[in-house]
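Trainee: Predicted model follows, preceded by the sequence.
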Amino acid sequence: MKFNQKITLNSGHQVYIDYLRVIATVFVIGVHTVSLAASMVENGSTSFKVLECFDFAFLSCNLLFVMISGALLLPVRGEKVSAFFRKRFSKVAIPLVVYYILYVCAKEGIAWIYPNRWFALLKRIFTGAPYEAPHFWLVYVILWLYVLTPFLRWLLKHISDDVLFGVMAVIFAVCALDTYLPLFGVESPLGWFTDTFVGAFLLGYLLSEKCSKRAENFFIAGGAVSFLVSCYWIIKIGNYENYIYQNAPTMMLFSAAIFLLVKRLSGGTEAPVIIFLGKYSYSILLIHWGVLHFVVKQLLHVNVLSGGILGGCMLMMILTLIISAVGAFLLDNTLIKWLELPFRRK
């Protein structure tokens, strides 16, 4: 099969989800690349502000990954809770543990895999993202949402679409209060909810299953305005770090716009490269941090500012994506595949 050959998928496959996975994967590499570049230029310079605008756009990857999970998991009907955790939860947890151990051993030595260190290692895994791989925080969020999925499925089954849209309006209001109350000197008591990312999880389900054309147009227009407002805030105002990212309404609307535009524009076919990257996107998310900072930056000596900001960032992103994809393919089809065998039906 030629690499550029198009593949038509069966009607049950949502092609746009694969495109979203690839976009989110490229964006997560992009956000860490431009963040590195921004740390190496003068704070407040034109180059810094341009990089921060790209950082805002790329940082939508976090919400996109969560929304994709919601779009895939929440519409499922009739799946037993035991089957869900055996088949789906393990697909997230096992790679997380494998890559967690690899990061720790790469940084601190292989002594961590000795039996006398297993309890301490397990304790570290349960405490959250390791110092060696801080981007794992997102995977812990997704794991928590997997735990909530059976309850959320039941809830969505028993409420009407009007109630769902009302719930989403309340979620946007809560996120707005949590984001903007500190601007007026008021400490928000709502961070515990926004930090769960349940709103983005439900938003992915709503955008994939329940949105009318009119609602889609609203989200797309809101996303465009949010991007312009955020860029203006970065370039002209400053002090934006706590007010435009993550669960801020601006980021939620911008991410929703990307989700819907991809859903509208993707056709019924996709190239093998999209299928490949979509299939291994989760493992690429896990491995890319080490590839970017060790393989590309230290071993290959790629300077993110070489050839101008654009050239250096593009080179680092491309190399990180390619090497991460190769590493993900090798590990997924060897060690991780073997560890997942007990969780598969015969």
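Mentor: Received it, and whenever you're ready, just let me know what you need.

Trainee: Residue 63 versus residue 17, what's the distance?
Mentor: Using CB to CB, to the nearest Å, one gets 15 Å for the distance from residue 17 to residue 63. In short, each C-beta sits where N, CA and C put it, glycine included.

Trainee: I meant to write residue 217 there.
Mentor: Distance from residue 217 to residue 63, by CB to CB: 20 Å.

Trainee: now residue 25
Mentor: Taking CB to CB, one finds residue 25 at 14 Å from residue 63.

Trainee: quick one, helices of the stretch 51-200 of the chain?
Mentor: Along the stretch 51-200 of the chain, the segments classed as helices by DSSP state H, counting those that start in this stretch run 60-73, 81-84, 90-108, 118-127, 137-157, 161-180, 191-194, 198-209.

Trainee: tell me the mean pLDDT over the second one?
Mentor: Put plainly, it is helix 81-84. Average pLDDT, helix 81-84: 86.

Trainee: same check, this time on stretch 145-153
Mentor: 93.

Trainee: With stretch 30-38 instead?
Mentor: 96.

Trainee: hmm, back to that, of residue 17 and residue 63, who's got more company?
Mentor: residue 63 (27 against 19; other CB atoms under 10 Å).

Trainee: so that one sits right up against residue 251, yeah?
Mentor: Yes: using CB atoms under 8 Å, residue 63 is in contact with residue 251, at 6.3 Å.

Trainee: Count the neighbours of residue 194 for me.
Mentor: 22.

Trainee: whoops, residue 339 was the one
Mentor: Using other CB under 10 Å, residue 339 has 14 other residues around it.

Trainee: For the strand or helix carrying it, name the packing helices and strands.
Mentor: Here residue 339 sits within helix 335-340, counting by DSSP states H and E. If you count contacts as 3 or more CB pairs under 8 Å, 6 or more residues apart in numbering; DSSP states H and E, helix 335-340 packs onto helix 90-108.

Trainee: quick one: the helix it packs on to chain centroid distance?
Mentor: Centre-to-centre, helix 90-108 and its host chain are 18 Å apart (CA atoms, centre = their mean, to the nearest Å).

Trainee: Pull the residues that contact stretch 255-263.
Mentor: Here stretch 255-263 makes contact (CB atoms under 8 Å, 6 or more residues apart in numbering) with 16, 19-20, 23, 60, 63-64, 67, 200, 203-204, 207-208, 211, 216, 219-224, 226-227.

Trainee: Out of those residues, which end up buried?
Mentor: Among these, the ones that count as buried by 16 or more other CB atoms under 10 Å are 16, 19-20, 23, 60, 63-64, 67, 200, 203-204, 207-208, 211, 216, 219-220, 222-223, 226-227.

Trainee: Pull the distance from the helix holding residue 339 to the chain's centre.
Mentor: With CA atoms, centre = their mean, you get 23 Å for helix 335-340.

Trainee: got it, and stretch 286-301?
Mentor: 19 Å.

Trainee: measure that stretch end to end?
Mentor: In stretch 286-301, first residue to last residue: 22 Å (CA to CA, to the nearest Å).

Trainee: Identify the residues contacting residue 211.
Mentor: Taking CB under 8 Å, 6+ apart as the test, what residue 211 contacts is 219, 260.

Trainee: Cross-check it against the secondary structure; I expect a strand.
Mentor: No: per DSSP: H, G, I helix; E, B strand; the rest coil, residue 211 lies outside any strand segment and is coil.

Trainee: any idea of the pLDDT on it?
Mentor: 90.

Trainee: now do residue 185
Mentor: pLDDT, read off for residue 185, is 88.

Trainee: And it, how close does it get to residue 239?
Mentor: Counting by CB to CB, the separation of residue 185 from residue 239 is 14 Å.

Trainee: and if you look at residue 133?
Mentor: For residue 133 relative to residue 239 (CB to CB), the value is 29 Å.

Trainee: Neighbour count: those two, which is higher?
Mentor: Just comparing residue 133 and residue 239: by other CB under 10 Å the higher neighbour count belongs to residue 133, 23 against 8.

Trainee: My guess is that one contacts residue 290. True?
Mentor: Yes: applying CB under 8 Å, one finds residue 133 in contact with residue 290, separated by 7.2 Å.

Trainee: shared neighbours, the two?
Mentor: Contacts common to residue 133 and residue 290, judged by CB under 8 Å, 6+ apart, are residue 103.

Trainee: pretty sure residue 117 is touching residue 111, no?
Mentor: Yes: assessed by CB under 8 Å, residue 117 is found in contact with residue 111 at 6.3 Å.

Trainee: Which one of these two is surrounded by more residues?
Mentor: Set side by side, residue 117 and residue 111 show more neighbours around residue 117, with 14 against 9, by other CB under 10 Å.

Trainee: Check the gap between the more buried one and residue 73 for me.
Mentor: Counting by CB to CB, the gap from residue 117 to residue 73 is 34 Å.

Trainee: Flag the shaky bits of the stretch 1-150 of the chain, pLDDT-wise.
Mentor: 1-12 (pLDDT under 70).

Trainee: mind running it again at 50?
Mentor: Along the stretch 1-150 of the chain, the parts satisfying pLDDT under 50 run over 1-11.
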